[in-house]
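# Provided below for reference: sequence and predicted model.
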Amino acid sequence: DFDPTSVGIPIPGVEWKILDDDRKPVSEGARGNLWVKGPVVFDRYWNDTERTSQARDGEWYEMGDVVEAREGRLYFHYRKGAGIRSGGEFVSPTVVEEALMKHPAVAEAYVVGVDDDEWGQKVSVVLVLKEGASATAAEVHTWMKGQVPKASVPKTFVFVTANQVPRTPAGKPILAELRRMVQSSGIDYRSSGEAGAANTTAAAEAREELLPGAAVSSEVVGVEQVRAEDTPKGGKPAGEIGPGKGTPKLP
């Protein structure tokens with residue numbers, strides 16, 4: 001039977017196996033690293049013998065995806081380098097994103113880990129709200145407490161429009177750019193309304209320098225809520241987002 005949550009089964013001529021970090025097989029239904037072999041698998045990384053040796057074992061190649069297998073079908077969880085270690089616990093960005101997408105105001109959610117002295121890595125999210133919807137960092141944080149374990153609840157938020165999400169030509173989000181966005185303009189869910197009110201003038205001035213289309217959370221601009229329709233139109237292409245290229249800088 002068709003299962004829309006599965007990435008499917010191997011194509012003819014391709015084999016796969018799932019191993020742990022010690023390259024030992026995992027049990028059925030357990031998460032592990034995906035390895036494949038077959039005529040369509042690439043030969044080596046260009047001019048990178050070290051990376052090639054790390055990814056290859058004879059005819060087998062490690063894909064860099066964390067997956068699980070159930071009844072012969074493969075289920076993707078996340079890219080190996082995208083996992084977050086927060087408060088001593090492992091957090092799956094995919095699980096957090098799936099929970100965020102259930103929020104009635106959220107249209108898109110992109111979760112990344114950002115280095116933090118207290119948590120090791122802090123679960124952070126870049127959110128795109130649905131047209132006409134509104135939400136604040138504090139509201140989404142509180143809502144998420146009932147959806148995921150404590151360590152997985154996002155603590156820093158950035159609100160943007162869809163055209164601001166940095167993507168590859170294939171349409172995939174660029175994690176490194178998302179992290180930079182969080183580091184430069186992320187809003188801590190604990191920001192108080194009082195602090196936001198005190199910074200209203202400075203934030204208003206800062207918004208004049210924001211990349212057109214960017215939205216900031218209410219805790220900073222000192223208003224009750226930030227709505228999708230409040231966001232200016234006509235932002236720069238997503239590829240121009242980044243340090244020195246219009247990334248918002250807030251007080």
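Sure, I can see it. Only a predicted model underlies this, so the values are computations on that prediction, with no experimental measurement involved.
# number of nearby residues for Asp65?
Using other C-beta atoms under 10 Å, Asp65 has 19 other residues around it. Bear in mind the C-beta positions are built from the backbone N, C-alpha and C, glycine included.
# pLDDT below threshold where in the stretch 101-250 of the chain?
For the stretch 101-250 of the chain, the stretches with pLDDT under 70 are 191-250.
# can you give me the strands for it?
Ranges of strands in the stretch 101-250 of the chain, per DSSP state E, counting those that start in this stretch, are 106-116, 120-129, 134-135, 156-160, 187-188, 226-227.
# Need the CA coordinates for the fourth one. PDB is fine.
Included here for strand 156-160 are C-alpha records, laid out as PDB according to Å, rounded to 0.1, in the frame of the first residue of the first chain:
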ATOM      1  CA  THR A 156      14.400  31.900  19.500                       C
ATOM      2  CA  PHE A 157      12.200  33.100  16.700                       C
ATOM      3  CA  VAL A 158      12.500  35.000  13.400                       C
ATOM      4  CA  PHE A 159       9.400  36.000  11.500                       C
ATOM      5  CA  VAL A 160       9.900  36.500   7.700                       C
END
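# quick check: angle from it to strand 120-129?
Relative orientation of strand 156-160 versus strand 120-129 (axes from the mean of the first three to the mean of the last three C-alpha atoms, to 10 degrees): 30 degrees.
# name the helices or strands packed onto strand 156-160?
On a contact count with 3 or more C-beta pairs under 8 Å, 6 or more residues apart in numbering; DSSP states H and E, strand 156-160 meets strand 120-129, helix 137-144, helix 175-185, strand 187-188.
# Looking at the strands of the stretch 101-250 of the chain, which one is packed in the most?
Ranked by mean neighbour count, the strands of the stretch 101-250 of the chain are led by strand 156-160 with a mean of 26 (mean count of other C-beta atoms under 10 Å).
# quick one, what contacts Trp119?
Applying C-beta atoms under 8 Å, 6 or more residues apart in numbering, we find Trp119 in contact with Ser86, Gly87, Lys155.
# sorry, back to before: of the helices and strands packed on strand 156-160, give the one that comes closest to Gly38.
Ranking those by proximity to Gly38 (C-beta to C-beta) places helix 175-185 first, at 27.9 Å.
# rewinding a little: next, format the helices and strands packed on strand 156-160 as CSV and append distance to Gly8.
Listed next are the helices and strands packed on strand 156-160 as CSV, based on distance: least, C-beta to C-beta, whole Å:
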stretch, distance to Gly8
strand 120-129, 28
helix 137-144, 30
helix 175-185, 24
strand 187-188, 39
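# quick one: which of the ones you listed is nearest Val14?
It's helix 175-185; of these, that one is closest to Val14 (C-beta to C-beta) at 26.8 Å.
# Name the nearest residue to the spatially most central residue of the chain, sequence neighbours excluded.
Geometric centre of the chain, nearest residue: Val111, 2.6 Å, by C-alpha atoms, centre = their mean. In space, not counting the residues next to it along the chain, Val111 is nearest to Pro93; the distance is 4.1 Å by C-beta to C-beta, 6 or more residues apart in numbering.
# repeat for Gln147
Ala99 is the one closest to Gln147 (C-beta to C-beta, 6+ apart), at 4.1 Å.
# so who does that neighbour touch?
Applying C-beta under 8 Å, 6+ apart, the residues near Ala99 are Met144, Gln147, Val148, Ser152.
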